[in-house]
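Novice: fold the following and give me the result.
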Amino acid sequence: MAFYARDILTGDLPGRYTDRAAQHFAIACLIPTELLEREDLDIDRAASAFRVPTQALQHTHEAWPHEDAVTWET
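Specialist: Residues are numbered from 1 along each chain as shown. This next block holds a predicted model:
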């Protein structure tokens, strides 16, 4: 969440900081995109494996892709 706050503050990411957007950002950095895109994702199992709060992963998964989604170009 701190990296998200830094990126908002420096202008590297557009918009304004919200805790919800920062949490989505943090979860998205930890969880492979392929898992977030799976409709049949076992939330409890994934949350346990990645050691993230189940509810936070559930919200990120439901909102994926969301209006606060960040994409990186390589």
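
Novice: in this structure, which spans are strands?
Specialist: Using DSSP state E, the chain contains no strands.

Novice: give me the low-pLDDT residue ranges for it?
Specialist: In the predicted model of the chain, residues 66-74 satisfy pLDDT under 70.

Novice: try it again at 90.
Specialist: Within the chain, the segments meeting pLDDT under 90 span 20-21, 23-37, 39, 56, 59-74.

Novice: for it, what's the longest helix?
Specialist: Of all segments of type helix in the chain, defined using DSSP state H, the longest is helix 19-30.

Novice: buried stuff in that one?
Specialist: Using 16 or more other C-beta atoms under 10 Å as the test for burial, helix 19-30 gives A21, A22, Q23, H24, F25, A26, I27, A28. Every C-beta, even on glycine, is put in place using the N, C-alpha and C of the backbone.

Novice: which one of those residues is nearest R51?
Specialist: The closest of the buried residues of helix 19-30 to R51 turns out to be I27 (C-beta to C-beta; 11.4 Å).

Novice: wouldn't that closest one be in contact with V52 here?
Specialist: Yes. The criterion here is C-beta atoms under 8 Å, and I27 meets it with V52 at 6.0 Å.

Novice: who are the packing partners of the longest helix of the chain?
Specialist: Packing contacts for helix 19-30, counted by 3 or more C-beta pairs under 8 Å, 6 or more residues apart in numbering; DSSP states H and E, involve helix 2-10, helix 54-63.
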